[in-house]
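Novice: Need coordinates for the following:
(chains A and B)
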Amino acid sequence: QQPVQSPQAVILREGEDAVINCSSSKALYSVHWYRQKHGEAPVFLMILLKGGEQKGHEKISASFNEKKQQSSLYLTASQLSYSGTYFCGTPFSGGYNKLIFGAGTRLAVHP
Amino acid sequence: DTAVSQTPKYLVTQMGNDKSIKCEQNLGHDTMYWYKQDSKKFLKIMFSYNNKELIINETVPNRFSPKSPDKAHLNLHINSLELGDSAVYFCASSQDLRRSYTEAFFGQGTRLTVV
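Specialist: Model (predicted):
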């Protein structure tokens, strides 16, 4: 039931790009993305909906393939502030009102 | 104004004690949650409340008892604390995820250390 994220960790230099993937064995109606900085709460980044609609961040893009039950988060021209752990979440799993998160992807951006 | 606030931020206590964590949201959301984040950063849902009613209990031990006096508050009481309860506990709130495409807002977390 828990979505699967890959890779587990990424190390980048400033300005480099990264892709974080999220896949589910169950049908996805939407996918949430959150970022958590060390010692802080998770913060909402984006929601991707069936049909291609998105809601969220200006500088971060993402895709949602409903048929493949996958989503990808694209971090381009990374900045130091992008460092943190990224979580994808699948809402209303099994019809219930709950957000189930993947195990997270740790991203470290160095100068 | 803090949207989701929880207290205390840090809690250090001995095994066997009982403790409570409080959470309040001023966003007018219908649904509130408790998540547990372990040392490996895994965010696991514990409880979900909708308009003061418990709708999900994710096989959490009976020692954990959530209470929602109204839809803006969700407290977590833990009895007979064990070493394995040490973690960061996050409260969160959202509108009903099944009816509106809206995000969850998290409190700042309570770092519980059981010694």
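Novice: so what strands line up beside the helix or strand of chain B with the lowest mean pLDDT?
Specialist: Least confident helix or strand of chain B, by mean pLDDT, DSSP states H and E, is strand B:53-57 with a mean of 78. Sheet pairing for strand B:53-57, assigned by DSSP bridges, gives strand B:43-50 (antiparallel).
Novice: Buried residues in the strand it pairs with, which are they?
Specialist: For strand B:43-50, burial by neighbour count (16 or more other CB atoms under 10 Å in any protein chain shown) applies to B:Leu43, B:Ile45, B:Met46, B:Phe47, B:Ser48, B:Tyr49, B:Asn50. From N, CA and C alone the C-beta is placed, and that goes for glycine too.
Novice: Stretch A:62-79 now?
Specialist: Quick answer for stretch A:62-79 (16+ other CB under 10 Å): A:Ala62, A:Phe64, A:Glu66, A:Gln69, A:Gln70, A:Ser71, A:Ser72, A:Leu73, A:Leu75, A:Ser78.
Novice: Which single one of these is nearest to B:Val114?
Specialist: Nearest to B:Val114 among the buried residues of stretch A:62-79: A:Leu73, at 34.9 Å, using CB to CB.
Novice: could you dump the helix or strand where the closest one lies to CSV, C-alpha only?
Specialist: If you go by DSSP states H and E, A:Leu73 is part of strand A:70-75. Output in CSV follows, covering the C-alpha atoms of strand A:70-75 (Å, rounded to 0.1, in the frame of the first residue of the first chain):
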residue,chain,number,x,y,z
GLN,A,70,3.9,6.6,-11.3
SER,A,71,4.9,10.1,-10.5
SER,A,72,8.3,11.9,-10.9
LEU,A,73,9.6,15.1,-9.3
TYR,A,74,12.0,17.1,-11.4
LEU,A,75,14.5,19.3,-9.6
